[in-house]
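> sequence and predicted structure, then a few things I'm wondering about:
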Amino acid sequence: MKKFFLAFFSLILVSGCSSGTFHIPKQEYQTRVQVLGVLPLMVDRNSQMNYPDKEWLIDRLASSAKGKHLNLVEELVLKKGYFDVRALDVDTQLTTMSLLGRGSAHDANGRPAGYAFDTATVMEIARRNVVDALLVVVFSGEQVSETRRSRTKLETLTTTYSDLLATAAVVDRNGQVLWQLTGDDAFQPFALQYPDFDEAYYNHTDVVRVKNVSMAGVEPMLDEDPDRNGVRTLPKMYDELFQKIASGISPGLLDSLR
């Protein structure tokens with residue numbers, strides 16, 4: 001009996017570790033979204049980050065993200081929260097332009113608060129692929145005000161940093177957003193800028209400069225590395241993002257109790 005209660009308590013903790021925000025009750029979500037269509041990962045080329053190699057980064061990210069939604073589908077299928085999860089085959093560039101054309105709102109700190117998805121595009125994709133809702137994942141470059149610490153955790157610098165973020169949303173076939181991963185929940189794949197506390201320390205100054213991570217520093221974050229058996233593995237940034245999304249939108253055993 002003791003083991004049963006420990007297992008039950010652990011299940012409650014796991015089921016409570018979801019991410020993102022539902023805009024309808026979870027039970028209603030489970031009823032309405034039985035078949036989920038997963039779009040290819042998108043990159044917002046109109047985002048406002050201030051990064052010297054912006055075009056290179058966007059092109060490199062788009063290349064890296066190609067086909068990765070298949071891994072996200074696998075993650076969602078493992079959760080067994082849907083009748084069916086489908087990877088959708090669309091023209092990524094054209095779909096991005098039409099779906100995200102109305103832009104994104106931002107919160108007070110500059111984090112994306114959610115895209116105003118084009119309803120006609122959503123309805124057409126959902127109808128053509130016979131799905132109840134679409135899962136849309138978008139990478140964007142943003143100007144974010146936040147506090148960052150030194151490696152020693154002793155110094156801090158609050159300013160505006162250029163940041164690469166990923167947001168996600170589940171949109172039903174009529175264009176209603178049912179769930180979002182935005183704002184403070186938005187996922188940071190890796191830092192594009194950093195405060196150089198070491199430079200300030202060795203130059204005996206209180207002025208801390210914000211520096212850009214070089215292309216050489218970005219490349220390893222996007223590359224697949226072979227494991228011990230020589231099989232290419234998913235980059236850590238995608239693995240962590242997909243786990244976060246899957247934990248947020250996969251209905252759990254105890255959702256009906258909440």
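Arrived safely, thanks for sending. All values derive from a computational prediction rather than experimental measurement. Residues are numbered from 1 along each chain as shown.

> any idea where the helices of the chain begin and end?
Secondary structure of the chain, counting by DSSP state H: helices at 2-16, 26-32, 54-65, 69-79, 92-99, 119-129, 197-202, 215-222, 236-249.

> can I get those helices in JSON lines with mean neighbour count, mean pLDDT and distance to P189?
C-beta here means a position set from N, CA and C on the backbone, and glycine is covered the same way. Converted to JSON lines, these look like this (neighbours: other C-beta atoms under 10 Å; pLDDT from 0 to 100; distance: least, C-beta to C-beta, whole Å):
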{"stretch": "helix 2-16", "mean neighbour count": "10", "mean pLDDT": "42", "distance to P189": "25"}
{"stretch": "helix 26-32", "mean neighbour count": "14", "mean pLDDT": "95", "distance to P189": "27"}
{"stretch": "helix 54-65", "mean neighbour count": "16", "mean pLDDT": "94", "distance to P189": "9"}
{"stretch": "helix 69-79", "mean neighbour count": "17", "mean pLDDT": "96", "distance to P189": "14"}
{"stretch": "helix 92-99", "mean neighbour count": "17", "mean pLDDT": "96", "distance to P189": "18"}
{"stretch": "helix 119-129", "mean neighbour count": "16", "mean pLDDT": "98", "distance to P189": "25"}
{"stretch": "helix 197-202", "mean neighbour count": "14", "mean pLDDT": "92", "distance to P189": "23"}
{"stretch": "helix 215-222", "mean neighbour count": "14", "mean pLDDT": "92", "distance to P189": "7"}
{"stretch": "helix 236-249", "mean neighbour count": "19", "mean pLDDT": "96", "distance to P189": "4"}
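
> so which of those is nearest R151?
helix 197-202 (7.6 Å; C-beta to C-beta).

> make JSON lines out of the helices of the chain and add distance to W179.
Putting the helices of the chain into JSON lines (distance: least, C-beta to C-beta, whole Å) gives the following:
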{"stretch": "helix 2-16", "distance to W179": "16"}
{"stretch": "helix 26-32", "distance to W179": "7"}
{"stretch": "helix 54-65", "distance to W179": "21"}
{"stretch": "helix 69-79", "distance to W179": "13"}
{"stretch": "helix 92-99", "distance to W179": "17"}
{"stretch": "helix 119-129", "distance to W179": "14"}
{"stretch": "helix 197-202", "distance to W179": "38"}
{"stretch": "helix 215-222", "distance to W179": "26"}
{"stretch": "helix 236-249", "distance to W179": "6"}
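
> closest to T159 out of those helices?
helix 197-202 (12.8 Å).

> what residues are up against the closest residue to F187 other than its chain neighbours?
Of all residues not flanking F187 in the chain, A166 sits nearest, at 4.4 Å (C-beta to C-beta, 6 or more residues apart in numbering). Counting by C-beta atoms under 8 Å, 6 or more residues apart in numbering, A166 makes contact with 137-140, 181, 186-189, 241.

> shouldn't S104 be in contact with Y115?
Yes - the pair formed by S104 and Y115 meets the contact definition of C-beta atoms under 8 Å, at 4.6 Å.

> picking up where we left off before, closest to L94 out of the contacts of A166?
The nearest member of the contacts of A166 to L94, counting by C-beta to C-beta, is V138 at 15.1 Å.

> kindly provide the distance from that closest one to A168.
Going from V138 to A168 by C-beta to C-beta, to the nearest Å gives 7 Å.

> can you check Q27 too?
Taken as C-beta to C-beta, the spacing of Q27 relative to A168 amounts to 21 Å.

> ditto for E240
13 Å.

> need the overlap of contacts for these two.
Common neighbours of E240 and A168, counting by C-beta under 8 Å, 6+ apart, are F187.

> who are the neighbours in contact with the closest residue to Q180 other than its chain neighbours?
Excluding the flanking residues, the one nearest Q180 by C-beta to C-beta, 6+ apart is A169, at 4.9 Å. For A169, the contacting residues are 114-115, 117, 135-136, 177, 179-182, by C-beta under 8 Å, 6+ apart.
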